[in-house]
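S.K.: Here is a sequence with its predicted model. Questions after.
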Amino acid sequence: MELSERKKLILKAVVDTYVEKCEPVGSKYLADYYNINLSPATIRSTMNELEQMGLLEQPHTSAGRIPSSLGYRVYVNNLMQSYKLTTVEIEQITENLNIKISRLDKIIEQAGKLISSMTALMSVSTVLNNVLREINESQIYIDGAANLLNMPEYHDLERAKNLIKLLDNKNGITEIFSQSEKDRLNIYIGEENKITSSGDSSFIFKTFTLGDERLGAIGVMGPKRMDYSRIIAKLEYFAESMAEIIKNETDESKFTQGGRSEHE
């Protein structure tokens with residue numbers, strides 16, 4: 001989808017503002033508070049054009065606009081700036097994962113708890129069944145579901161319930177994890193997220209491997225209105241750190257599968 005520079009500027013401004021404030025964004029607000037050298041009338045006209053293209057939506061009778069699922073997709077693919085983890089964030093991840101755990105499932109469970117805490121979203125992680133050969137199905141770890149209730153999108157309990165119902169859809173989660181490309185960041189926005197049927201949530205995850213073997217995956221789920229750049233940076237770092245931990249454990253012959261040593 002080809003966008004003029006002006007449309008890109010306005011779309012990015014609407015997404016950034018809505019992610020921060022969780023309120024429909026109006027042209028006057030962008031003209032007054034966002035660094036855009038355009039008149040409110042020009043901004044309003046551009047927002048109307050973006051709405052006609054399916055990139056913005058007008059909720060109810062509000063004068064403001066919010067990003068659509070397609071708008072978020074264009075933003076993630078083309079407009080958002082890369083987020084660089086702070087020293088504090090890197091230290092927090094490193095310290096919490098710098099533990100001697102010889103069971104892969106415990107490493108992933110710990111990482112899920114930590115990423116949920118650091119993003120204030122619900123984490124979803126897994127150990128794939130080709131690693132834990134002793135069991136017949138993949139292990140799914142979900143942490144931080146209560147975080148969703150703190151978000152304006154889920155003050156409507158029915159919407160929150162629809163998302164939390166995925167706790168019972170572990171087969172669907174495993175299928176998405178298993179069919180994803182190895183070592184690739186996967187981003188499902190709105191209707192792309194087939195785990196839920198509401199179309200108002202996003203699911204971001206990354207798988208990690210050892211050699212050619214897919215070991216597991218870690219990700220987060222929450223409203224479409226999330227800080228994609230910051231979350232992606234953290235997930236990338238998590239996945240890289242966990243792959244390194246697993247490699248070191250394996251090299252030291254301390255890594256076990258399902259609690260059994262490779263040498264047993």
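M.R.: All right, it came through fine. Numbers count the residues shown, from 1 in each chain.

S.K.: these two touch, right, K170 and S125?
M.R.: No. Assessed by Cβ atoms under 8 Å, K170 is found out of contact with S125, at 11.9 Å. For every residue, glycine as well, the C-beta is placed using N, CA and C.

S.K.: Just want to know which of these two has more residues nearby.
M.R.: Between K170 and S125, S125 has the larger neighbour count (other Cβ atoms under 10 Å), namely 29 against 17.

S.K.: what separates that one from N96, distance-wise?
M.R.: Taken as Cβ to Cβ, to the nearest Å, the spacing of S125 relative to N96 amounts to 14 Å.

S.K.: quick one: strands adjacent to the helix or strand containing F203?
M.R.: Assigned by DSSP states H and E, F203 belongs to strand 201-210. Paired neighbours of strand 201-210 in the sheet (DSSP bridges): strand 185-189 (antiparallel), strand 213-223 (antiparallel).

S.K.: And for stretch 146-162, what's in contact with it?
M.R.: 22, 116, 120-122, 163-164, 196-198, 200, 222-223, 225 (Cβ atoms under 8 Å, 6 or more residues apart in numbering).

S.K.: shaky segments in the stretch 151-264 of the chain?
M.R.: Along the stretch 151-264 of the chain, the model assigns pLDDT under 70 to residues 166-167, 183, 197-198, 249-264.

S.K.: Let's check: the centremost residue of this protein is which one?
M.R.: Centroid-nearest residue in the chain: I204, 3.2 Å away (criterion: Cα atoms, centre = their mean).

S.K.: Can you list the buried residues in the strand holding F203?
M.R.: Buried residues in strand 201-210, counted by 16 or more other Cβ atoms under 10 Å: 201-209.

S.K.: what does stretch 189-197 give?
M.R.: Applying a neighbour-count criterion of 16+ other Cβ under 10 Å, one finds 189-191, 193, 195-196 buried in stretch 189-197.

S.K.: ok, of those residues, which one's closest to E175?
M.R.: E175 lies nearest to I195 out of the buried residues of stretch 189-197, by Cβ to Cβ, at 9.3 Å.

S.K.: and T86, backbone torsions?
M.R.: Main-chain torsions, T86, degrees, to the nearest 10: phi -80, psi 160.

S.K.: count of neighbours near it?
M.R.: By the criterion of other Cβ under 10 Å, T86 has 10 neighbours.

S.K.: do the same with the one 4 residues further on
M.R.: Residue neighbour count, defined by other Cβ under 10 Å, stands at 14 for I90.

S.K.: cool, and L121?
M.R.: 25.

S.K.: And for Y141?
M.R.: By other Cβ under 10 Å, 19 other residues sit near Y141.

S.K.: Could you verify that it is part of a strand?
M.R.: Yes. Assignment of Y141 by DSSP: H, G, I helix; E, B strand; the rest coil places it within a strand.

S.K.: Okay, buried residues for stretch 6-16 please.
M.R.: Those would be 7, 9-16, for stretch 6-16 by 16+ other Cβ under 10 Å.

S.K.: for those residues, which one is nearest E89?
M.R.: D16 (20.0 Å).

S.K.: contacting residues for that closest one?
M.R.: D16 makes contact with no residue under the criterion Cβ under 8 Å, 6+ apart.

S.K.: separation between it and E57?
M.R.: In terms of Cβ to Cβ, D16 sits 16 Å off from E57.

S.K.: swap in K224?
M.R.: The gap separating K224 from E57 is 11 Å, by Cβ to Cβ.

S.K.: and what of V14?
M.R.: V14 sits 10 Å away from E57, going by Cβ to Cβ.

S.K.: Find residues that contact each of those two.
M.R.: Residues touching both V14 and E57 by Cβ under 8 Å, 6+ apart: 65-67, 71.

S.K.: Just send those back as a markdown table, with secondary structure and distance to R159 too.
M.R.: Below are the shared contacts of V14 and E57 laid out as a markdown table (DSSP: H, G, I helix; E, B strand; the rest coil; distance: Cβ to Cβ, whole Å):
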| residue | secondary structure | distance to R159 |
| --- | --- | --- |
| R65 | strand | 20 |
| I66 | strand | 15 |
| P67 | strand | 17 |
| G71 | helix | 20 |
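
S.K.: Okay then, goodbye and thanks.
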